[in-house]
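K.L.:
Quick one, what's the 3D model for this:
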Amino acid sequence: MASFALAALCGAGGGAGGGAWAEDAQPNYYYSLDAQGRPVFTQVLRWSSDENALEYELVVRKAGPAGAEGGDSEVLRTRTSEAKAEVRLEVGDYQYMITTFNLLGRAEAETGWLPMRVLKAEIPSISQVSPSKILMDEHADRRVTVSGSRLVSGCKVLLAQGQTTLQGTELRRDGDESLVVLFPDEAYLGGEYALEVENPGGLRAVLDGKLSISPPLPAAESLSPTQGFVFGPAELKARHTIEFSWRPVEGATDYRLAIYPEGKAEPALAKEGLRDPGYAIDDLSVLDRGVYAWKVVALRRGADGELEQSGLEASSTFSIQLPALKQAGAKAGGTYFGH
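P.N.:
Numbers count the residues shown, from 1 in each chain. As a prediction, this is how the structure comes out:
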C-alpha cells in the first residue's frame, strides 16, 4: 500500500519547501507566485514504485462525513507512469486511491480509499522584534521576542548572515501574534543579521531592518587597588583619598564603576560615564569599615551617545580596617577667661 504525507503550509517569498517524506525526505509541495504576487501551491504525491507496473491511476475525492464514503465528489483522476503525481487541491480533507496497472494494461492492485488533508498556507508578517540590539555581557538576556501576525505554530525564526543561516528555538508563544526564541550560541558572537520567519508552507516574512548583536568588550585588567588590599590608618593618613585605576580597554569610550559593601546588592557608590580609566574618592564618608567589592565595566558609545557595546565585568576587593577611636579625655569643669 502506498503511503505519503501531504501539507500546504505558510510564508512570504517564492520557492519550494515542505513536509518531509518518510522514504526520501523530498518536498511534498512547491509554489510559485501569480501575477498578483500570491502563492499558488502544487502538491506532489509520491508512493512506492513497482518495477513491473505499466502505470498508476490516482483518484482523489472530497472526504465525506466521519465514517462515510466520499460518494460522487471526485475532484481528480489522472494516470502516470511514474510513482508520483503533481496536483493542485484546495484546502480541505480528501480521500485518495492509487490503482496499479500491470504490463498488460490491466488494473491489478489498489490501495483502497485513504485519507489526506491539505492545510491552508499562511503568509506571516513581522511588526516588531525586541530587542533589536543585544549588547552581550554577563547580564545579557539572549531571548528575542518576535511580534506580528500569522506566526503559526511550527514556524521557523531564522537569522541570516551571508551564506550562514541559524534557526532559533521557540521558548513560548502568545497565539499567532508573538513568540519568544533563543538562537544558537554562535549567533551571540556578534554581527548584524537579517531576521526571517518561515511558516510551515515555506512562505516567509523578512524583518524591515537588522537584528544587531554586539560582542562584549574585554574586561579591564591591572586593577588597583589589587585583590584584598587593606586600607589602614597609615594609608589614609598619608593621603585622605582612595584611588581606583585600571588599564584602558581598547575601543571603550567610557567606564562604569560601582563599589559594593560585602553582601549588599546596592552599591555604596556608583559612577557612570567615566572618560578616564580611573576614579578617586575624595569624600571617604561614603564608606565605612569593612570589606568592599568594586567592579568596572568598559562601554562604547556612538557619536549620538547611544550605547553600542558593553564590556565584561572586572572586579576586585579591598577592605578598610581602622581601630576604634578612644573617647576624648577632656576634664569636666575648669575656669576659663575671655574678653
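
K.L.:
okay, and for the chain, where does confidence drop off?
P.N.:
1-27, 65-72, 332 (pLDDT under 70).

K.L.:
Next up, the contacts around the residue nearest the centre of it.
P.N.:
Central residue of the chain (CA atoms, centre = their mean): residue 182, 3.4 Å from the mean position. Residue 182 sits next to 142, 143, 144, 168, 169, 171 when contact means CB atoms under 8 Å, 6 or more residues apart in numbering. All C-beta atoms are positioned from the backbone trio N, CA, C, and that covers glycine.

K.L.:
Just give me the neighbour total for the nearest residue to it once chain neighbours are set aside.
P.N.:
Of all residues not flanking residue 182 in the chain, residue 169 sits nearest, at 5.2 Å (CB to CB, 6 or more residues apart in numbering). Counted with other CB atoms under 10 Å, the neighbours of residue 169 add up to 10.

K.L.:
how close does residue 169 sit to residue 318?
P.N.:
Distance from residue 169 to residue 318, counting by CB to CB, to the nearest Å: 43 Å.

K.L.:
All the helices of the stretch 151-300 of the chain, residue numbers only.
P.N.:
Taking DSSP state H, counting those that start in this stretch to define them, one finds helices in the stretch 151-300 of the chain at 233-238.

K.L.:
Quick one: the strands in it, in order.
P.N.:
Ranges of strands in the stretch 151-300 of the chain, per DSSP state E, counting those that start in this stretch, are 156-161, 164-167, 169-174, 178-182, 191-198, 204-206, 211-214, 229-231, 242-245, 254-261, 269-274, 278-281, 290-301.

K.L.:
now the third one against strand 156-161, angle please.
P.N.:
Using axes from the mean of the first three to the mean of the last three CA atoms, to 10 degrees, one finds that strand 169-174 and strand 156-161 are set 130 degrees apart in direction.

K.L.:
Give me the neighbour count for residue 239.
P.N.:
9.

K.L.:
cool, and residue 285?
P.N.:
For residue 285, using other CB under 10 Å, the count is 6.

K.L.:
go on, the one 10 residues further on?
P.N.:
By the measure other CB under 10 Å, the count of residues near residue 295 is 18.

K.L.:
one step back: using a markdown table, lay out the strands of the stretch 151-300 of the chain together with distance to residue 331.
P.N.:
Formatted as a markdown table, the strands of the stretch 151-300 of the chain follow (distance: least, CB to CB, whole Å):
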| stretch | distance to residue 331 |
| --- | --- |
| strand 156-161 | 80 |
| strand 164-167 | 81 |
| strand 169-174 | 75 |
| strand 178-182 | 74 |
| strand 191-198 | 76 |
| strand 204-206 | 87 |
| strand 211-214 | 68 |
| strand 229-231 | 34 |
| strand 242-245 | 37 |
| strand 254-261 | 39 |
| strand 269-274 | 40 |
| strand 278-281 | 37 |
| strand 290-301 | 35 |
